[in-house]
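S.K.: Pasting a predicted model and its sequence here:
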Amino acid sequence: MNSTTIHTPALLNEVIQGLEVRPGRKYIDCTVGTGGHARVILEASSPDGTLLAIDQDPEAIEVSREVLKEYQDRVTLAQDSFSRLNLIASAYGFESVDGVLFDLGLSTLQLERSERGFSFQREGPLDMRMDPASEIDARRLVNELPEQQLVEIIARYGEEARARAIAREIVRQRPIGTTTELADIVARTKGRRGKLHPATKTFQALRIAVNEELDALSAVLPQTLEVLAPGGRLAVITYHSLEDRMVKRFMVTESRDCICPPEVPVCQCGHQRALETLTRKPIRPSAAEISSNPRARSAKLRIARRVQSRGKSGEE
């Protein structure tokens with residue numbers, strides 16, 4: 001491991017405080033990356049706290065194994081998709097835990113490896129797979145999808161206003177082989193305005209589509225209710241509005257006893273609240289953190305606490 005693979009975790013102190021990390025407790029880091037958050041969780045839970053560290057990227061697992069080697073008797077590493085959280089937790093004896101963390105952003109490890117194809121600033125193949133064993137990569141989407149499907153991906157996952165023009169130009173310029181080639185096509189189509197690189201939203205959209213990120217997040221959020229013990233904390237760091245809205249909606253819904261439509265006079269859903277939302281608004285990085293770690297600038301942290309289901313008496 002060298003300096004290019006060291007990832008500075010966003011909102012580190014806020015995560016540790018939000019999870020209420022304590023000795024002897026059990027935690028799950030669903031996106032261990034290069035082990036930044038995991039290492040501090042293990043430090044704060046010394047001498048006997050334990051951690052299940054999950055990542056679908058095998059390279060991240062190997063790097064975090066080295067980073068966390070001094071805690072090897074208290075950490076379990078699992079290369080898998082967090083969408084299978086219940087199964088993974090059960091397999092490793094983490095069925096009831098005190099905290100679950102998601103840091104949904106890309107790691108420096110992924111961004112700075114040009115061969116991974118995540119960055120429009122580094123020439124590499126159009127890949128973008130978090131799990132290199134996955135069948136679908138960005139090259140296939142860019143070069144094989146019909147124009148209308150590209151429009152839908154770029155508009156939905158990138159929230160890109162020029163999606164139609166970009167998709168049309170991509171189809172016209174096929175075959176496209178590298179990240180910089182695609183970035184140049186998008187930049188020529190959109191023009192260069194403002195601080196944001198013109199290709200940012202298109203690359204985000206393709207990455208989300210390749211890795212089915214929103215589907216995985218939608219699948220895993222309800223599973224956190226199964227693995228969190230009463231009083232356990234859920235902490236989620238997001239980096240774009242699609243993820244943040246999904247997490248906010250989940251926490252709001254699970255913090256209510258009834259989710260029937262307003263026009264229904266008597267509750268028919270039988271829903272019981274499972275969470276207490278602890279962050280009315282997301283926690284954002286300070287100006288000092290953004291200055292030292294610019295990649296944290298778009299991070300938003302939301303935290304909730306698992307509550308007991310209410311009984312007939314109405315008490316938790």
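M.R.: Nice, thanks for sending it over. Since the structure is predicted, the reported quantities are computational estimates derived from the model, not experimental observations. Numbering: from 1, shown residues only.
S.K.: buried set for the longest strand seen in the chain?
M.R.: When the chain is parsed with DSSP state E, its longest strand is strand 228-238. Buried residues in strand 228-238, counting neighbours by 16 or more other CB atoms under 10 Å, are found at 228, 232-238. C-beta: built from backbone N, CA, C; applies to glycine.
S.K.: Quick check: the farthest pair among these?
M.R.: The span of these, defined through CB to CB, is set by 232 and 238 at 19.9 Å.
S.K.: can you map out the helices along the chain?
M.R.: For the chain, helices defined by DSSP state H occupy the ranges 12-19, 36-44, 58-67, 85-91, 108-111, 138-144, 147-158, 163-173, 179-190, 200-211, 213-227, 241-254, 287-292.
S.K.: tell me the contacts of residue 155?
M.R.: Listed by CB atoms under 8 Å, 6 or more residues apart in numbering, the contact partners of residue 155 are 163-164, 205.
S.K.: And residue 64, by the same measure?
M.R.: Per CB under 8 Å, 6+ apart, neighbours of residue 64: 32-35, 38, 53, 55, 77.
S.K.: rerun that using 6 Å as the cut-off
M.R.: 32, 34-35 (CB atoms under 6 Å, 6 or more residues apart in numbering).
S.K.: quick revisit: what's the closest of the buried residues of strand 228-238 to residue 190?
M.R.: Checking the buried residues of strand 228-238 against residue 190 by CB to CB gives residue 238 as the nearest, at 24.7 Å.
S.K.: Run through the bridge partners of that closest one.
M.R.: residue 300 (DSSP bridges).
S.K.: now that we have the contacts of residue 64, which one has the most neighbours?
M.R.: Most neighbours among the contacts of residue 64, by other CB atoms under 10 Å: residue 32, with 33 neighbours.
S.K.: Can you tell me, leaving aside adjacent residues, what's nearest to that one?
M.R.: residue 53 (3.8 Å; CB to CB, 6 or more residues apart in numbering).
S.K.: ok, that neighbour touching residue 38?
M.R.: Yes: counting by CB atoms under 6 Å, residue 53 touches residue 38, with 5.1 Å between them.
S.K.: For these two, list the residues in contact with both.
M.R.: 29, 32.
S.K.: tell me the phi and psi of the nearest residue to residue 271 once chain neighbours are set aside?
M.R.: Nearest residue to residue 271 in three dimensions, chain neighbours excluded: residue 259, at 4.8 Å (CB to CB, 6+ apart). Phi and psi for residue 259, reported as degrees, to the nearest 10, are phi -120, psi 20.
S.K.: and residue 42, how far is that from residue 229?
M.R.: Distance of residue 42 to residue 229, given as CB to CB, to the nearest Å: 19 Å.
S.K.: what does residue 288 give?
M.R.: For residue 288, the distance to residue 229 - CB to CB - is 34 Å.
S.K.: What is the end-to-end distance of stretch 135-152?
M.R.: End-to-end distance of stretch 135-152 (CA to CA, to the nearest Å): 21 Å.
S.K.: Of all the residues in that stretch, which ones are buried?
M.R.: 137-139, 141-142, 145, 150-152.
S.K.: same thing with stretch 113-122?
M.R.: Applying 16+ other CB under 10 Å to stretch 113-122 flags 113-114, 116-120, 122 as buried.
S.K.: same thing with stretch 53-71?
M.R.: Buried positions in stretch 53-71, judged by neighbour count with 16+ other CB under 10 Å: 53-57, 59-64, 67-68, 71.
S.K.: low-confidence ranges in this protein?
M.R.: Regions of the chain meeting the criterion pLDDT under 70 cover residues 1-6, 309-316.
S.K.: mind giving me the domain ranges of it?
M.R.: The chain is divided into the following domains under automatic domain parsing: 3-109+214-306, 118-211.
S.K.: Thanks a lot, catch you later.
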